[in-house]
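Engineer: Below are the sequence and a predicted model for it; my questions follow.
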Amino acid sequence: MGLREWALGGVLLSPFLIYVLLALLLTGLLRFAVQATPLGRWIWHEALFDVALFVCVLYLVVRLLGPL
């Protein structure tokens, strides 16, 4: 994908915004999957877990889709 701006209706959007939105979607899906399994009861602090999961997923998204 690279790090070029996207033009959307004359507004330039950072590619990082796309990465963040994709990571947010993936984090939501992973969080839903964790809650549906018995692993959800082992989470001590849910907000901290959500932030940590988002940061990890965002790292992976940028690493996989970002520039080489």
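Structural biologist: Structure's in. What do you need?

Engineer: Skip ahead from the worst-scoring helix or strand of the chain on mean pLDDT and say which helix or strand is next.
Structural biologist: Every helix and strand of the chain was ranked by mean pLDDT, DSSP states H and E. The lowest is strand 6-8, at a mean of 83. Using DSSP states H and E, the helix or strand that follows strand 6-8 in sequence is strand 11-13.

Engineer: Could you tell me the end-to-end distance of stretch 4-19?
Structural biologist: The straight-line separation of the ends of stretch 4-19 (C-alpha to C-alpha, to the nearest Å) is 12 Å.

Engineer: Against G9, how distant is the residue most central in space within the chain?
Structural biologist: Nearest to the geometric centre of the chain sits A23, at 1.5 Å (C-alpha atoms, centre = their mean). According to C-beta to C-beta, to the nearest Å, A23 stands 24 Å off from G9. In short, each C-beta sits where N, CA and C put it, glycine included.
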